[in-house]
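Student: missing the sequence, but the structure's below:
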């Protein structure tokens, strides 16, 4: 991939896509192809086909997806399955039809069985039942992995896949109804601090273990893979250690400066009890994360305050 290669970043305004975009600009790539969802509906097969025929990208980062937390995944099950299948099918098929030199498909750690051994190794895919609350999203992502694998086997396409762990960072979603746990907790505690609330309610028991990776570290992994990895087997991208939701909440409470109580609502679902990725394959190639959780949360908190139009204190 050269500095002037035609590179399409699908989903460049989302959290992952915007991180890839920032990194490529910083690294001096000058021929980036970008489209907003209003300019190109990636669910529309004809529109995507016409776009590829016109723009002829050489490399594709497939970071576009419909994403959300436990509640959104559980409520909008048909939307999560249909939209994600349509997006990835259209882009992968058009990439093959137009001779794209290399494509990177981004999935999710939710592809693994709910009760898979920990840490999660790539070979555990399809070895057991999925977590029910996000099963439609997981099935779509598994289909994307298999589509890349199948185009590689049948047509010799250099289509690779990476499975990130839980992500956080700039351009995250802070909507309390459909965001992920880390940005939701940041917003809840910031607003509780501003209003002097005596407590914050948190979904579940606080016992599930989760791994978190800053999206800027993921972007570096994506560029690294695009430049260095050409194998069929998808690759885990994780931080390497996990924390309980309770410990995460305590850390966020400390960063925010919220002095109230944390109340865990055990009537709400916990989701998968533990989800730690084994990223040793990627580490063996020479990539490693750089941003630790406390540093990353402190960085993100500044954005939360700005996003909520609150003064930085």
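Tutor: Right, received. Where do you want to start? Computed from a prediction, not measured in an experiment: that's the story for all the values here.

Student: May I see the buried residues of the helix-or-strand element of the chain with minimal mean pLDDT?
Tutor: Least confident helix or strand of the chain, by mean pLDDT, DSSP states H and E, is helix 70-75 with a mean of 75. Buried residues in helix 70-75, counting neighbours by 16 or more other CB atoms under 10 Å, are found at 70, 71, 72, 73, 74. All C-beta atoms are positioned from the backbone trio N, CA, C, and that covers glycine.

Student: same deal with stretch 36-54?
Tutor: 40, 42, 43, 48, 51, 52.

Student: The first one reaches residue 48, doesn't it?
Tutor: Put plainly, it is residue 40. Yes - Residue 40 is in contact with residue 48 according to CB atoms under 8 Å; the separation is 7.1 Å.

Student: coming back round to it: what's the spacing between the least confident helix or strand of the chain and its chain's center?
Tutor: 16 Å (CA atoms, centre = their mean, to the nearest Å).

Student: who does the helix or strand just after that helix touch, helix- and strand-wise?
Tutor: Under the assignment DSSP states H and E, the closest C-terminal helix or strand after helix 70-75 is helix 77-97. Contacts defined by 3 or more CB pairs under 8 Å, 6 or more residues apart in numbering; DSSP states H and E place helix 77-97 against helix 45-55, strand 59-62, strand 102-106, helix 135-155, strand 159-164.

Student: mind giving me JSON lines with those and columns for distance to residue 26?
Tutor: Converted to JSON lines, those look like this (distance: least, CB to CB, whole Å):
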{"stretch": "helix 45-55", "distance to residue 26": "23"}
{"stretch": "strand 59-62", "distance to residue 26": "15"}
{"stretch": "strand 102-106", "distance to residue 26": "18"}
{"stretch": "helix 135-155", "distance to residue 26": "27"}
{"stretch": "strand 159-164", "distance to residue 26": "20"}
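
Student: just these: most buried one?
Tutor: A comparison of the helices and strands packed on helix 77-97 by mean neighbour count, using mean count of other CB atoms under 10 Å, puts strand 59-62 on top with a mean of 26.

Student: For the residue nearest to residue 275 when sequence neighbours are not counted, give its distance to residue 96.
Tutor: Nearest non-adjacent residue to residue 275, counting by CB to CB, 6 or more residues apart in numbering: residue 109, 5.6 Å away. Noted for residue 109: a distance of 26 Å to residue 96, by CB to CB, to the nearest Å.

Student: Pick out whichever of these two has more residues nearby.
Tutor: Using other CB atoms under 10 Å, the more surrounded residue of residue 109 and residue 96 is residue 109, with 23 against 20.

Student: That one touches residue 163, doesn't it?
Tutor: Yes - applying CB under 8 Å as the test, residue 109 and residue 163 come out as touching, 5.9 Å apart.

Student: which residues are common contacts for those two?
Tutor: The contact sets of residue 109 and residue 163 overlap at 236, 277 (CB atoms under 8 Å, 6 or more residues apart in numbering).

Student: residues of stretch 219-231 that come out buried?
Tutor: Per 16+ other CB under 10 Å, stretch 219-231 contains these buried residues: 219, 220, 221, 222, 223, 224, 225, 226, 229.

Student: if we can go back for a sec, Serialize the helices and strands packed on helix 77-97 to a markdown table and add fields for mean pLDDT.
Tutor: Shown next, in a markdown table, are the helices and strands packed on helix 77-97 (pLDDT from 0 to 100):
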| stretch | mean pLDDT |
| --- | --- |
| helix 45-55 | 98 |
| strand 59-62 | 98 |
| strand 102-106 | 98 |
| helix 135-155 | 97 |
| strand 159-164 | 98 |
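
Student: which stretch among those comes nearest residue 3?
Tutor: Residue 3 lies closest to strand 59-62 among these, at 11.9 Å (CB to CB).

Student: Which other helices and strands does that closest one contact?
Tutor: strand 7-10, helix 77-97, strand 102-106, helix 215-228.

Student: which stretches of the stretch 101-250 of the chain aren't confidently modelled?
Tutor: Along the stretch 101-250 of the chain, the parts satisfying pLDDT under 70 run over 176-179.

Student: Tell me which of the helices and strands packed on strand 59-62 sits nearest to residue 262.
Tutor: helix 215-228 (25.6 Å).

Student: now what about the closest one, what contacts it?
Tutor: 1, 15-16, 19-20, 22-24, 27, 59, 61, 63, 102, 104, 106, 160, 162, 164, 167-172, 235, 237, 239, 282, 285-287, 289-291.
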